[in-house]
Every structure is written in C-alpha cells, then in structure tokens.
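Novice: Build me a model:
(chains A and B)
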2 protein chains.
Amino acid sequence: MNTKIITNADKIDTEKLEHAIEIITKLQNELPEYIERGHGPFLAAIYQGDKLIAKCANTVVIDDCSNHHAEINAIRVAQAKLNNYDLAQLNLDMYITAEPCMMCIGAIMWSGIKNVYYGVPSKIVEQITGFNEGFKPNWLQEFKKLGINVYGNIETDLAEKVLEQYVKSKHIIYKPSR
Amino acid sequence: MNTKIITNADKIDTEKLEHAIEIITKLQNELPEYIERGHGPFLAAIYQGDKLIAKCANTVVIDDCSNHHAEINAIRVAQAKLNNYDLAQLNLDMYITAEPCMMCIGAIMWSGIKNVYYGVPSKIVEQITGFNEGFKPNWLQEFKKLGINVYGNIETDLAEKVLEQYVKSKHIIYKPSR
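Specialist: Residues are numbered from 1 along each chain as shown, chains lettered A, B, ... in the order given. Have a look, this model is predicted:
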C-alpha cells in the first residue's frame, strides 16, 4: 500500500500532486535502466512547469565521488544550463524518486529550488538498502520557513519495488566500509 | 577573543589540536588571496597525517554552481586523486576555515572522512556574511555516533577578520535572491 502523502503545504494542491505523481511514476519506471548501466538507485529531475531542465541519476560509483547523488547532479546540470548558481527567480520544481538525504537537503536549500516532490521516504530507503541518509529532524517544517514547498511519499510502492530489485540484483557495487 | 574550543571527543587531544591550529592558521592566511581571485570566502583541505591530499576554496560563483562549497570541492578532488568514493579506510582529516553547512556535513558523512577541524562557527559566519548555513542541531553528537571526530572554533579571531574583510571588499558578487 502507498504511504500517506506528507507535505509542509497548508493545504494539498491536487493539481500539483497529480502532476508530481505522473512525473515520479515516469522516473521510477526509467530508474531500472539507469541501475542496469551502473548508476545508483536514485533519479532526480528539475522542471520549470512542464519543461524538463535536467534529469540525473546517482553517479557515486561511476564518478568515484560520494557527492554525486542524483539531486546534486541535477542541480549542477540545471545551473550550468541556465548559467546561474541561484535558481530562486525561476520557480523550479525538483522531482526525486526518494526523500533527499541530509547533503541533498542542504544542496536544495542553497540552489534556490522552490518545490520538492519525492517518492519513498528515507526510513524505507534505509530499511531496504542499509544506507544511512543522515539526520534531518523536521526538515519539512524548516523548508517551510525558507519558503520551499515539499510533498513526499508519492507512489512509494513503485519506489520500494525498484529498490528491492536493486538490492537483489548484481548491481550493488556500492559498499562503503564505514 | 577566540571562542572556546568545541569538540565531540571525550577528551581534547592536545597534539591533534595544535596540529589543527597550525593548518587552519595557514588556511586563513591563504584565504584572502583566493577571495581576491573571485572565490567564496571558505577554504577546505584534506590531509592524511602531514600529507596534503586536496585543498579547495568555495567556487560557487566561479563555477556557477551552488553545490561547489570548499568541502564539496575538496572531497571530489581527494576521491578523484585516490580513485575511491569511500575514504573511510584511509583515516583522513579535513580542515576547514569555517563550520560546515548542512550540505557539507552530509557530504562529509558520505565521504568517509574521519576527523573534522573547523575555524569560525556558523553562527558568526551568518552574523558577518548574512548566509544561511542550514539547520543542523547537535551535529557534533550525531557525528560522534558515526565515529567522526570534530573539533571546532579553532582560531576564530583570524576567520572573523577574513570574513569581515570579504564583506567590506568589492569581491562580494555572491548574492542569492532568496
């Protein structure tokens, strides 16, 4: 069963949420192909309305760089494309297959992205993959203070299946020792 | 006056702290030249014992990328040099002119760096520069749980002077709109 939608909005915007369900479903369906090619099991996309600005998977293993989560990659690509380290004036939306980790929450904060939609929550990511997503108590409320809207737990069923598949597959080459 | 040293170690290791004071003093003295060349006012270095592995300043404006804080850059450079996204087995130390922001704390967590030494605390960075360093309650205690040692508030006087100089100078081209 899908987990209940979580948000920091005062009232759920059904139109936005339906749009997000559509995009996140698409991302989840594309993700296995990225995993097949050696990417980590997360995908992030930045949109301006209906226009795709950047779409990136996790490339930690491919790039030999622990910074290169999907969100970090997507922010870098979007800012390079738009020649601007500050996206705040552009009212951009980020869609992510999973809840951002502590690093990526910080990166989103600095980027100027205004709306964040994510699939599976960190708790479930950690249960399935064994990753440690960091400590980020009440981040939805903190983002609200910064004027960043968040909707989470979107189509978690789909995400869980992809992550479970990843864990069972031969593609888990990411094994940090700590 | 220098702020009191803050640490998550059970007992201050005087030898390590004196080594850190030496390196951070050097970084603070080098920082104005980086600022002069258009870098942001932060410098991070990764060492293995006495051996420098990577040293990078903040390149947000130069690279048009809000991810490119000094710590993020240093982690990327170190991991590329060592061909490893996981530095945990190498027992590396990171020295930073200021307390890491939320994004960089997350990045350090993922990187496998084991010891963190920083200069000026975020509270003072925010007071002087107006930046928002994010929300990271009790991160020293969270890092202790992860086995990462932290010493902070090292030679804060020096850092404050550099940041005050940065704010007064013509080099503040970093002005996010949010």
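Novice: Find the residue ranges of chain A scoring beneath the pLDDT cut-off.
Specialist: Filtered on pLDDT under 70, chain A yields the residue ranges A:1-3, A:170-173, A:177-178.
Novice: The biggest helix by length in it packs against which elements?
Specialist: When every helix of chain A is counted residue by residue (DSSP state H), the longest turns out to be helix A:14-36. When contacts are defined as 3 or more CB pairs under 8 Å, 6 or more residues apart in numbering or on different chains; DSSP states H and E, helix A:14-36 packs onto strand A:40-48, strand A:51-58, strand A:93-98, strand A:115-120, strand A:149-152, helix A:156-168. Quick note: C-beta positions are derived from backbone N, CA and C, even for glycine.
Novice: For the residue nearest the centre of chain A, list each beta-bridge partner.
Specialist: The structure's chain A has its C-alpha centroid closest to residue A:96; by CA atoms, centre = their mean the separation is 2.5 Å. Residue A:96 has the following beta-bridge partners by DSSP bridges: residue A:44, residue A:118.
Novice: Wait, it touches residue A:119, no?
Specialist: Yes: using CB atoms under 8 Å, residue A:96 and residue A:119 qualify as a contacting pair, with a distance of 6.8 Å.
Novice: Name the residues contacting each of the two.
Specialist: With CB atoms under 8 Å, 6 or more residues apart in numbering or on different chains applied, the overlap between the contact sets of residue A:96 and residue A:119 consists of A:24, A:27.
Novice: Skip the chain neighbours and tell me the closest residue to residue A:90.
Specialist: The shortest distance from residue A:90 to any residue other than its chain neighbours is 6.1 Å, reached at residue A:48 (CB to CB, 6 or more residues apart in numbering or on different chains).
Novice: Number of residues surrounding that neighbour?
Specialist: Counted with other CB atoms under 10 Å in any protein chain shown, the burial measure for residue A:48 works out to 14 neighbours.
Novice: contacting residues for it?
Specialist: With the criterion set at CB under 8 Å, 6+ apart, residue A:48 makes contact with A:90, A:91, A:92, A:93.
Novice: closest to residue A:21 among these?
Specialist: Nearest to residue A:21, judged by CB to CB, of the contacts of residue A:48 is residue A:93 at 13.1 Å.
Novice: Pull up the gap between the closest one and chain B, please.
Specialist: As defined by CB to the nearest CB, to the nearest Å, residue A:93 lies at a distance of 15 Å from chain B.
Novice: Grab the nearest non-local neighbour of that residue.
Specialist: Closest residue in space to residue A:93, ignoring its immediate chain neighbours: residue A:115 at 4.3 Å, by CB to CB, 6+ apart.
Novice: I figured that neighbour was touching residue A:143, is that so?
Specialist: No: using CB under 8 Å, residue A:115 is not in contact with residue A:143; the gap is 10.0 Å.
Novice: shared neighbours of those two, anything?
Specialist: Here residue A:115 and residue A:143 share the contacting residues A:149, A:150, scored by CB under 8 Å, 6+ apart.
Novice: Among the contacts of residue A:48, which one is most surrounded by other residues?
Specialist: Neighbour-wise, the contacts of residue A:48 (other CB under 10 Å) top out at residue A:92, 22 neighbours.
Novice: show me what contacts that one?
Specialist: Residue A:92 is in contact with A:46, A:47, A:48, A:53, A:78, A:112, A:113, A:114, A:115, counting by CB under 8 Å, 6+ apart.
Novice: right, and the fifth one touches residue A:53 too?
Specialist: Going back to what we said before, that points to residue A:78. Yes: taking CB under 8 Å as the definition, residue A:78 is a contact partner of residue A:53 at 4.8 Å.
Novice: okay, the two: which has more neighbours?
Specialist: residue A:78 (28 against 19).
Novice: Just send the contacts of residue A:48 back as a markdown table, with distance to residue B:40 too.
Specialist: Below are the contacts of residue A:48 laid out as a markdown table (distance: CB to CB, whole Å):
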| residue | distance to residue B:40 |
| --- | --- |
| A:90 | 22 |
| A:91 | 25 |
| A:92 | 22 |
| A:93 | 27 |
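Novice: of the residues you listed, closest to chain B?
Specialist: Set against chain B, the nearest of those by CB to the nearest CB is residue A:90 (10.1 Å).
Novice: I'd guessed the closest one sits against residue A:83; true?
Specialist: No: in terms of CB under 8 Å, residue A:90 does not count as a neighbour of residue A:83; the distance is 11.6 Å.
Novice: re earlier: any residues in contact with both of residue A:78 and residue A:53?
Specialist: Among the neighbours of residue A:78, those also in contact with residue A:53 (CB under 8 Å, 6+ apart) are A:46, A:92.
Novice: May I ask which helix or strand encompasses residue A:67?
Specialist: When elements are assigned from DSSP states H and E, residue A:67 belongs to no helix and no strand.
Novice: ok, now the one 4 residues further on?
Specialist: Element membership of residue A:71 [criterion: DSSP H and E] is helix A:70-82.
Novice: anything in that helix near chain B?
Specialist: Yes: interface with chain B: helix A:70-82 contributes A:72, A:75, A:76, A:79, A:80 (CB under 8 Å from any CB of the partner chain).
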